[in-house]
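S.K.: Sequence first, predicted coordinates after that:
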Amino acid sequence: MILFFISFFLLFTLVNYYIIRRGNQSLEGAPKAVRILFTVLMLIASLSYVVARSLFAQSGTIFYDYLLFVGALWYPFLMYGILSILILDLIRYILKKRSSEIFSNYERYKKLKLQIFSILSIVIIILVSYGYINAQNIQVKTFDLTFPKGSGELDKLNIVFFSDSHLTPINDGVFADRLVKEVNKLNPDLILLGGDIIDDNTINLDRHNISTKLRKLKSVYGVYTCNGNHEYIVGIDEAQDYLAKSNIVVLRDSVLVIANSLQVISRDDRQRNRFSDGQRKALKELVDLSNKSLPTILLDHQPFELDSTAYYGLDLHLSGHTHHGQMVPANLITNIIYEISWGFAKKGKTKYYVTSGVGTWGPPVRIGSDAEIILFRIKFE
């Protein structure tokens, strides 16, 4: 874990340094004051998130919120900035190999660099602004599914599912309020969550009344969640206590029966062993504990072992975690890592839904994916 953070911060530092260096080179044709202002703004933006998390996370002040927001919002600028620079460096390399006349007149070249810098800056600002607006736009998606009734008593059941709200001072009380209202408007019989519900310590969550907001979630049969990896990153004991205070029942490697008609198998996160002692139970152990005469939903934060779900004949597999990359082109990576990065699929009798999440991790920006809540209208036949 320590090696991961060292590697991450080394890469983060190098990328920021390269952007600042190449930005200043592009601004050669601008006044010196502009170059100084650019460097100062880049240093503030690049250091804000690290400073917030390392020095002010326990301060319980609004200063932490501002630093966190600025630092998190810098990440999409960082990603699209470095991608733009690398593409431009490749084009410049090709043109130099071909002895292009662009480089023959240095004054004209400086002017061209400044124009390209200005255009790209405007394009990235527009793109990130769209992503910020898109991340706040929660969409409701509805699926009509048929489950075998078996020995169950119910004829129908409305289940609301969401995952990865990542509630922090960035995705704050205002967002939590909007999320709860959208869920309650659907009049769910059952609410299932896919983990990564909170993503900060309780000091900062309480300042935004997150628990108070979550307690307003209403359903006939309750609100249940599995653990995600971020519950472990926050601190598993603290996260469990906070979710319990929010009237959310955490199902850890267990089987829950709903109204003698449906059962939910909930798995602990697959990265549990990285953050605490012990391994999660194998899916077979949990299936052996279940009632084979009832239809079954599996809650598993990360969408792995999909073939196992089909092998045991479970009816619906629900996961999150991927965010579908959250910002293109990161979805190209998640499409490689996960068999299902986002959306609905089916294998045999087993149906799958991997949500792109309702919240955001890090930057409050979504480009190429939706902030979504899923309504499953289940009929038992």
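M.R.: Cool, the structure landed.
S.K.: Which parts of the stretch 251-381 of the chain are helices?
M.R.: Using DSSP state H, counting those that start in this stretch, the helices found in the stretch 251-381 of the chain span residues 272-275, 283-289, 306-311, 330-337.
S.K.: and stretch 271-288, which residues are buried?
M.R.: Q271, R272, R280, K281, L283, L286, V287 (16 or more other Cβ atoms under 10 Å). Where you see a C-beta, it was placed from the backbone N, CA and C, and this is true even at glycine.
S.K.: Serialize those to JSON lines and add fields for distance to S163 and pLDDT.
M.R.: Below are the buried residues of stretch 271-288 laid out as JSON lines (distance: Cβ to Cβ, whole Å; pLDDT from 0 to 100):
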{"residue": "Q271", "distance to S163": "15", "pLDDT": "91"}
{"residue": "R272", "distance to S163": "17", "pLDDT": "92"}
{"residue": "R280", "distance to S163": "17", "pLDDT": "95"}
{"residue": "K281", "distance to S163": "21", "pLDDT": "95"}
{"residue": "L283", "distance to S163": "19", "pLDDT": "97"}
{"residue": "L286", "distance to S163": "19", "pLDDT": "97"}
{"residue": "V287", "distance to S163": "22", "pLDDT": "97"}
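S.K.: hmm, who's touching stretch 22-42?
M.R.: N16, I19, I20, I85, K110, K111, K113, L114, I116, F117 (Cβ atoms under 8 Å, 6 or more residues apart in numbering).
S.K.: excluding its backbone neighbours, what's nearest the last one?
M.R.: Which is F117. Counting by Cβ to Cβ, 6 or more residues apart in numbering, F117 lies nearest to S26, which is 3.8 Å off, once chain neighbours are set aside.
S.K.: for the first one, same thing?
M.R.: In this structure, N16 finds its nearest non-sequential neighbour in S46, 4.2 Å apart by Cβ to Cβ, 6+ apart.
S.K.: So that neighbour versus L14, what's the distance?
M.R.: As judged by Cβ to Cβ, to the nearest Å, S46 and L14 stand 11 Å apart.
S.K.: More neighbours: which of the two?
M.R.: A side-by-side neighbour count of S46 and L14, using other Cβ atoms under 10 Å, places S46 first with 23 against 11.
S.K.: The nearest residue to E231 once chain neighbours are set aside: neighbour count?
M.R.: Ranked by Cβ to Cβ, 6+ apart and with sequence neighbours excluded, the top spatial neighbour of E231 is A239, at 4.0 Å. Applying other Cβ under 10 Å, we find 23 residues neighbouring A239.
S.K.: do the one 10 residues further on as well
M.R.: The criterion is other Cβ under 10 Å. On that basis, V249 has 14 neighbouring residues.
S.K.: now L318
M.R.: Neighbours of L318 using other Cβ under 10 Å come to 27.
S.K.: D200 too?
M.R.: Using other Cβ under 10 Å as the criterion, the residues surrounding D200 number 24.
S.K.: any idea where the strands of the stretch 51-200 of the chain begin and end?
M.R.: All strands of the stretch 51-200 of the chain, identified by DSSP state E, counting those that start in this stretch, fall at 138-147, 156-162, 190-193.
S.K.: so where's the protein shaky on pLDDT?
M.R.: Residues of the chain that meet the criterion pLDDT under 70 lie in 1.
S.K.: Output the contacting helices and strands for the helix of greatest length in it.
M.R.: Using DSSP state H, we find that the single longest helix of the chain is helix 62-97. Applying 3 or more Cβ pairs under 8 Å, 6 or more residues apart in numbering; DSSP states H and E, one finds that helix 62-97 makes contact with helix 2-26, helix 32-51, helix 106-136.
S.K.: I'd like these as TSV, with distance to L332 appended.
M.R.: Formatted as TSV, the helices and strands packed on helix 62-97 follow (distance: least, Cβ to Cβ, whole Å):
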stretch	distance to L332
helix 2-26	19
helix 32-51	24
helix 106-136	17
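S.K.: For S100, give its distance to V250.
M.R.: 61 Å.
S.K.: what sits against the residue nearest to N16?
M.R.: Contacts of S46 (Cβ under 8 Å, 6+ apart): F12, N16, I20, G71, W74, L78.
S.K.: What about the third one, how many residues nearby?
M.R.: When you say that, I think you mean I20. That count, for I20 with other Cβ under 10 Å as the rule, works out to 17.
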